[in-house]
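Trainee: Sharing a sequence plus its predicted fold:
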Amino acid sequence: MIYAICNPTAGNGRGRTIGVQIEAALKGKKLPCRMLLTKAPGHATLLARQACAQGADTVLSIGGDGTALEVARGMLNAESALGIIPAGTGNDFVKTLGVPKHPEQALEFILSHPARKTDVGEINGRMFLNEIGTGFDVSVLDWAARAKRYCHGLLPYLYGVLQTLFRFRSVPITYSLDGGKSVTRDAFVVGVANGGMIGGGIPIAPEAKADDGLLEVVVVDKIQSRHLISRLIGLMQGKILTFPETHYCRASSVSFSTPNMRVNIDGEIVPEKEVVARVLPGALMIHR
């Protein structure tokens, strides 16, 4: 039995349209399916938990990264498998999984690829799927939120990147890896990634794999003004790990903090005094 959890408001209303398409496609294949619509933030987690309890073979998330995260939180360590149909604005985690961006192609991909154990992350006791960070990516999301009123797709995030590069400078970030010695840097960004993309396709951790049992930790020191344009081009080309300002490693756990910290958790910005994050290897079954 397939349960489909659809966020009708995702992608500025595209979620509802795509949900109808996916339901029709499943019925056309004569596959038993139950379509469920979310009604409020957090509702998808409850629906996913109920679907797993009722013996769902696969639970489809129809929405963006936020919807996928909510559904996944209701499926942690369950036998049911998650399938993600991209219907949001950024749709970043599916890029790491290799899921096609076209909804019906994504459905075919899910139906033809068996579920495999996949890593997830945990931040201060809460699960994340794709990436957490502070500094640059929080500023990008702030600016992108303003631009989404006027444009869609990758454009709001590109606008956010441009605004951030020329307005945001750096913050003092203290971090440690796997319980080791703390390091403080005047940093542009610290990102802790399970997936490789943020902001609609910006490769913040281009070597990320969601099944290696580790998190990618990317810390970029303050960037001098004369290098901003070249770093922007390099960022979009997936060359962030080659920047002289970049410190990169893999770790199973990481902690970090900065004054008045706001943290991006899969696209949602929340205030945190300190972050303690770790990987949960193979904790979720996903079609990929």
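Mentor: Structure received.
Trainee: so where does residue 172 fall, helix or strand?
Mentor: strand 171-177 (DSSP states H and E).
Trainee: Tell me the strands beside the helix or strand following that strand, with direction?
Mentor: Sequence-wise, the next helix or strand downstream of strand 171-177 (DSSP H and E) is strand 183-193. Sheet pairing for strand 183-193, assigned by DSSP bridges, gives strand 131-135 (antiparallel), strand 171-177 (antiparallel), strand 215-221 (antiparallel).
Trainee: Tell me which of these is the most buried.
Mentor: A comparison of these by mean neighbour count, using mean count of other C-beta atoms under 10 Å, puts strand 131-135 on top with a mean of 27. To be clear about C-beta, it is placed using only N, CA and C from the backbone, and glycine gets the same treatment.
Trainee: re earlier: want to try CSV for the strands paired with strand 183-193, with distance to residue 287 as columns?
Mentor: Below are the strands paired with strand 183-193 laid out as CSV (distance: least, C-beta to C-beta, whole Å):
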stretch, distance to residue 287
strand 131-135, 21
strand 171-177, 32
strand 215-221, 22
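Trainee: looking at those strands, which is closest to residue 56?
Mentor: Smallest distance to residue 56 across the strands paired with strand 183-193 (C-beta to C-beta): 27.1 Å, for strand 131-135.
Trainee: And the next helix or strand past the closest one?
Mentor: helix 136-147.
Trainee: For residue 270, which of the strands paired with strand 183-193 is the nearest?
Mentor: Closest among these, using C-beta to C-beta: strand 131-135, at 9.7 Å.
Trainee: domain ranges for the protein?
Mentor: Domain assignment for the chain, taken from automatic domain parsing, gives 2-113, 128-281.
Trainee: Least confident of those, on average?
Mentor: The weakest mean pLDDT among the domains of the chain belongs to domain 128-281, with a mean of 92.
Trainee: Could you tell me the end-to-end distance of that domain?
Mentor: Distance across domain 128-281, first residue to last, is 12 Å (C-alpha to C-alpha, to the nearest Å).
Trainee: chain center to that domain: distance?
Mentor: 12 Å (C-alpha atoms, centre = their mean, to the nearest Å).
Trainee: list the contacts for the residue positioned nearest the centre of the chain?
Mentor: For the chain, residue 130 is the residue whose C-alpha lies nearest the centre (C-alpha atoms, centre = their mean; 3.2 Å). Contact analysis of residue 130 by C-beta atoms under 8 Å, 6 or more residues apart in numbering lists 65, 69, 92-93, 96, 193-195, 197-198, 266.
Trainee: for the strands paired with strand 183-193, which one sits closest to residue 82?
Mentor: strand 131-135 (17.6 Å).
Trainee: what's in contact with the closest one?
Mentor: Against strand 131-135 from outside (C-beta under 8 Å, 6+ apart): 92, 121, 123, 137, 168, 170-171, 173, 187-195, 198, 204-205, 256, 258, 261-266, 275, 277.
Trainee: Now, of these, which are buried?
Mentor: 92, 121, 123, 137, 168, 170-171, 173, 187-195, 198, 204-205, 256, 258, 261, 263-266, 275, 277 (16 or more other C-beta atoms under 10 Å).
Trainee: Quick one: the helices in the protein, in order.
Mentor: 10-28, 43-53, 65-73, 93-97, 103-112, 136-147, 155-167, 228-236 (DSSP state H).
Trainee: Can you spell out which helices and strands pack onto the last one?
Mentor: Counting contacts by 3 or more C-beta pairs under 8 Å, 6 or more residues apart in numbering; DSSP states H and E, the secondary-structure elements packed against helix 228-236 are helix 155-167, strand 202-203.
Trainee: List the contacts of the shortest one.
Mentor: Which is strand 202-203. So strand 202-203 is contacted by 140, 157, 161, 196-197, 235-236, 238, 240 (C-beta under 8 Å, 6+ apart).
Trainee: what do you get if the cut-off is 7 Å, keeping everything else the same?
Mentor: 157, 161, 196-197, 235-236, 238, 240 (C-beta atoms under 7 Å, 6 or more residues apart in numbering).
Trainee: who's in contact with residue 278?
Mentor: 122, 252-253.
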